[in-house]
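# test case, fold it:
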Amino acid sequence: MDVSALVYRIKEFVAQVRERAQVFSIAERDRKILLMGLCMLFIILLSLVFHSFSSGAEQLERQARQLEARLGNVEALSVAYRGFQERFKELSSKVEKDEGPLISVVEKILLSGQIDRRRFSIRDVNSPALESDDFFEEQSVDVELKKIPLNDLVGVLYKIQTKSSFLKVSNLSISTRFDKSDAMNVRLRVSTYRIKQVS
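Numbering: from 1, shown residues only. Model prediction:
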């Protein structure tokens, strides 16, 4: 056996092993770089997902706060509505206690104030009511008083203003008489609100 040939083959085999080792080490390095790149890409994707989730959570929290504020407003409006409803029922019951039309109510007030029937006139000034969504309607009468003393006028006005059916005086016009300085001619409008009868 030729020793030189054997040495040559061993050297050739070692060279091949070195070449393959170098190729393997280059491939290993590339694989590490690729693995690091994939890890960085995964971390970036995770951070994007987390950021979008956290911003979505913040937006949901903001919307929840807005909805809570609106709910608080609705609850306050509900409490106010119930208060108005109770007040409305109270006013309705007081108004409905007075029987008869407004003319009769005003006439009773004048007669209870010792005003002679010949010295006053009452005229209904209500026009046919237009259809509306309101729960009440205004009713008015015009009152004319002749030769009435000041103290009687004050008494009548006081009784109108303190009536439980919430009468309102407007268009008050007073004129004195030349022949009697203590007597006056008075014109005024008396109004009230009546609850509509729902059919």
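
# doesn't D124 make contact with E107?
No. Under the criterion of Cβ atoms under 8 Å, E107 makes no contact with D124, lying 11.7 Å away. (Each C-beta comes from the backbone N, C-alpha and C, glycine too.)

# in terms of neighbours, single out the busier of those two.
E107 (18 against 12; other Cβ atoms under 10 Å).

# which pLDDT value belongs to the more buried one?
What the model reports as pLDDT for E107 is 87.

# helix, strand, or coil at N126?
coil (DSSP: H, G, I helix; E, B strand; the rest coil).

# now the residue most central in space within the chain: which helix or strand?
A centroid search over the chain (Cα atoms, centre = their mean) returns L77, at 6.0 Å, as the residue closest to the centre. Taking DSSP states H and E as the criterion, L77 maps to helix 3-97.

# so after that helix, what's the next helix or strand?
On the C-terminal side of helix 3-97, the closest following helix or strand by DSSP H and E is helix 102-112.

# flag every buried residue along that next one.
L102, V105, V106, E107, I109, L110 (16 or more other Cβ atoms under 10 Å).

# pLDDT score for the residue lying closest to R119 once chain neighbours are set aside?
Leaving aside its chain neighbours, R119 sits nearest to K146 (4.9 Å; criterion: Cβ to Cβ, 6 or more residues apart in numbering). Looking at K146, its pLDDT reads 89.

# cool, and R18?
At R18, the model reports a pLDDT of 66.

# my guess is S140 is in a helix, correct?
No. Assessed with three-state DSSP, S140 is strand; it does not lie in a helix.

# ok, for it, nearest residue in space, not its chain neighbours?
Nearest-residue entry for S140: S191, 4.2 Å, with adjacent residues in sequence omitted and distances by Cβ to Cβ, 6+ apart.

# for the one you found, pull up the helix or strand it's in.
Under the assignment here (DSSP H and E), S191 is part of strand 183-195.

# what packs against that strand?
In terms of contact count using 3 or more Cβ pairs under 8 Å, 6 or more residues apart in numbering; DSSP states H and E, strand 183-195 is assigned the packing partners helix 3-97, helix 102-112, strand 136-149, helix 150-161, strand 168-176.

# ok, L41 - contacts?
Contacts for L41 (Cβ atoms under 8 Å, 6 or more residues apart in numbering) come out as none.

# that one and E144, how far apart?
To E144, L41 is 97 Å away according to Cβ to Cβ, to the nearest Å.

# re earlier: farthest-apart pair in the buried residues of helix 102-112, please.
Greatest spatial distance among those (Cβ to Cβ): L102 and L110, at 12.6 Å.

# ok, the nearest residue to L153 once chain neighbours are set aside - how many residues close by?
Distance criterion Cβ to Cβ, 6+ apart; nearest residue to L153, sequence neighbours excluded, is V186 at 5.9 Å. As a burial measure, V186 scores 20 neighbours (other Cβ under 10 Å).

# L153 now?
19.

# ok, it - contacts?
Contact analysis of L153 by Cβ under 8 Å, 6+ apart lists L145, I174, M184, V186.

# once you drop chain neighbours, what's closest to the first one?
The shortest distance from L145 to any residue other than its chain neighbours is 4.3 Å, reached at V186 (Cβ to Cβ, 6+ apart).
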